[in-house]
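Visitor: the sequence isn't on hand, but the structure is:
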């Protein structure tokens, strides 16, 4: 299995952007601006691509909608460095993205401090450029205007005021030169940015990920999701481990077990779009809140289906809330449409969620979880064979599901 690295980066950017809920495409706008500035700076194609991708991924340390609101509502705040450190640590563990680490780590450090850090000058300049453009996007959001071109002069004046304090003087000049073009601002509007990104996504791949690299990058996605709330911590990893165990018990091929584990890591990407207050609600979800929650598996599918080679993985991940009798969501698929891989993830997701602490209940005892799974199997909602495996080794499945 070979996966286009560029497509995967765009998918990770889609995932990070979900945290903004209504304020989406932040990373993509920063990426676009970074690329335009890199061209003016005379950067070669490799550095242009790197700065564009840094813009897409610079906020990979953000999972909470509360933190994201601060990113777009405030110019600076005392805890702004935390998400930089988290994001840097995530990408540094994955070799193809490791070079992004130092830039992400310092992308909220003011120039008056950054210039004294013992770093390569290129890293300092790249980090400060991402900081500058990140704050440009935040200032536009704070203006309340839906027309980015209309606030150009105001934004440029504010950025100029931070010359040599927040931002390197030379970078301020580069930004002001880019900002003179109306197209620089108009391209950032949602409909035009989508067209721009479609062209970027269709560019020939310069790197493909093998199965092992795909799994490692999927773990970055899973960490972003699991960090969203204490009530989702380790959920994706628990579902992954239990899915892999059940897949081995039914003797699936090694290739499909590996793909299933990736699906487990990625199955809840869409939950990043769910506001923290809904995920942490202590009452039963109803009405609009329930409808918002039920979007998440469909959003997962839409993100993953854009990556060539992940067709099966995107289906298995999206099907985790389906039922064999057609009563699940979001596609209302029935047993004839649900493969053994989907059926395993359906069971693993329910088991892990019931074994985990939730704002509205404590973790359920293993025997209660098994009883609930048997009940759904008897109603024709879950696969009886998969549930019988869980029933035959409940304590083992429990330990696997809670990552013990």
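Guide: All right, it came through fine. Nothing here was measured: the structure is a model prediction, and the numbers come from that model. Numbers count the residues shown, from 1 in each chain.

Visitor: three-state assignment of the closest residue to residue 305 other than its chain neighbours?
Guide: Of all residues not flanking residue 305 in the chain, residue 314 sits nearest, at 4.5 Å (CB to CB, 6 or more residues apart in numbering). Using the backbone N, CA and C atoms, a C-beta is placed for each residue, glycine as well. Secondary structure for residue 314, judged by DSSP: H, G, I helix; E, B strand; the rest coil, is helix.

Visitor: I'd like the distance between residue 314 and residue 302.
Guide: 9 Å (CB to CB, to the nearest Å).

Visitor: compare neighbour counts for these two and give me the winner.
Guide: More neighbours surround residue 314 than the other of residue 314 and residue 302, with 22 against 14 (other CB atoms under 10 Å).

Visitor: now do the end-to-end distance for stretch 18-37.
Guide: 26 Å (CA to CA, to the nearest Å).

Visitor: same check, this time on stretch 291-305
Guide: 22 Å.

Visitor: which parts of the stretch 51-200 of the chain are helices?
Guide: Residue ranges of the helices in the stretch 51-200 of the chain, as given by DSSP state H, counting those that start in this stretch, are 65-73, 80-92, 101-105, 111-114, 121-143, 152-161, 169-179, 182-186, 190-201.

Visitor: surely residue 124 touches residue 116?
Guide: No - contact status for residue 124 versus residue 116: not in contact, 9.6 Å apart, counting by CB atoms under 8 Å.

Visitor: out of those two, which sits in the busier spot?
Guide: Per other CB under 10 Å, whichever of residue 124 and residue 116 has more neighbours is residue 124, with 20 against 9.

Visitor: what residues are up against the more buried one?
Guide: Contacts for residue 124 (CB atoms under 8 Å, 6 or more residues apart in numbering) come out as 106, 114, 115, 117, 168.

Visitor: number of nearby residues for the fourth one?
Guide: Read that as residue 117. If you count neighbours by other CB under 10 Å, residue 117 ends up with 13.

Visitor: tell me where the model's unsure across the stretch 201-350 of the chain.
Guide: Low-confidence segments of the stretch 201-350 of the chain (pLDDT under 70): 202-206, 231, 233.

Visitor: let's have the helices of the stretch 51-200 of the chain in TSV, adding distance to residue 274.
Guide: Listed next are those as TSV, based on distance: least, CB to CB, whole Å:
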stretch	distance to residue 274
helix 65-73	8
helix 80-92	19
helix 101-105	25
helix 111-114	35
helix 121-143	21
helix 152-161	31
helix 169-179	35
helix 182-186	31
helix 190-201	21
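
Visitor: of these, which is nearest residue 234?
Guide: Smallest distance to residue 234 across these (CB to CB): 15.4 Å, for helix 80-92.

Visitor: the residue nearest the centre of the chain: what's it in contact with?
Guide: Taking CA atoms, centre = their mean, the centroid of the chain lies closest to residue 15, which sits 3.0 Å from it. Neighbouring residues of residue 15 by CB under 8 Å, 6+ apart: 221, 224, 225, 269, 272, 303.

Visitor: mind checking which of those residues are in helices?
Guide: 221, 224, 225, 303 (DSSP state H).

Visitor: for residue 337, state which of those residues is nearest.
Guide: Using CB to CB, those come closest to residue 337 at residue 303, 20.8 Å.

Visitor: and the closest one, how many neighbours?
Guide: Neighbour count of residue 303, defined by other CB under 10 Å: 26.

Visitor: one more: residue 266?
Guide: Neighbours around residue 266, by other CB under 10 Å: 28.

Visitor: what of the one 4 residues further on?
Guide: Here the neighbour count serves as a burial measure; for residue 270 (other CB under 10 Å) it reads 26.

Visitor: any idea how far it lies from residue 221?
Guide: 11 Å.

Visitor: distance to residue 164 added to the contacts of residue 15, as TSV?
Guide: TSV is the format used below for the contacts of residue 15 (distance: CB to CB, whole Å):
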residue	distance to residue 164
221	38
224	34
225	39
269	40
272	37
303	40
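
Visitor: can you say which of these are buried?
Guide: 221, 224, 225, 269, 272, 303 (16 or more other CB atoms under 10 Å).

Visitor: now, which of the residues you listed sits nearest residue 357?
Guide: Closest approach to residue 357 among these (CB to CB): residue 225, at 16.6 Å.

Visitor: for that closest one, give its distance to residue 151.
Guide: Taking CB to CB, one finds residue 225 at 34 Å from residue 151.

Visitor: and residue 25, what does it touch?
Guide: Per CB under 8 Å, 6+ apart, neighbours of residue 25: 17, 190, 193.

Visitor: done for today, thanks.
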